[in-house]
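Q: could you look at this predicted model? Sequence included:
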Amino acid sequence: MQGLYHLAAEGEPTGGLLGMMFPFLLILLVFWLLFWRPNQKRRQQEMQMHDSLVPGVEVMTKAGIFATVVEIHDRDVLLEIAPGTRIRMIKAGIGEVITPQEDDTPVEDRPDFGDDDRPKG
């Protein structure tokens, strides 16, 4: 009987160190692809946005406040949120730069255009 147990023990594959490390390496690869890499790209885009700030640009803070950039310093910016009302904020608090949209609708067709100029008839 001991011979059978001895043969069964020899037949079991032992994956070795590589076999034990493969699942761990696979999990690290998945985390890198799904979490770390997109986060690095997002941080790089934010840094480019912060470097491209100039006075007069309209921005939206991460808190949802719309403001105009007045002054830019190394780590912070001075924002005007209303005429005569300025706040100082670190650059990381700026969520996005607001770009004005081009409106190619003729003035006559816009809803805010007055009806008093249209001919009656």
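A: In hand now; what should we look at? Predicted model, so just to flag it, every value in this text is computed and none were measured.
Q: and residue 88, its phi and psi?
A: With angles defined as degrees, to the nearest 10, residue 88 sits at phi -110, psi 130.
Q: any low-confidence regions in the protein?
A: 1-15, 100-121 (pLDDT under 70).
Q: can you rerun that using 80?
A: For the chain, the stretches flagged by pLDDT under 80 are 1-19, 99-121.
Q: let me see the ranges of the helices in it.
A: 2-11, 16-31, 37-51 (DSSP state H).
Q: and those as CSV, adding distance to residue 69 and mean neighbour count?
A: All C-beta atoms are positioned from the backbone trio N, CA, C, and that covers glycine. Shown next, in CSV, are the helices of the chain (distance: least, CB to CB, whole Å; neighbours: other CB atoms under 10 Å):
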stretch, distance to residue 69, mean neighbour count
helix 2-11, 72, 8
helix 16-31, 37, 10
helix 37-51, 11, 11
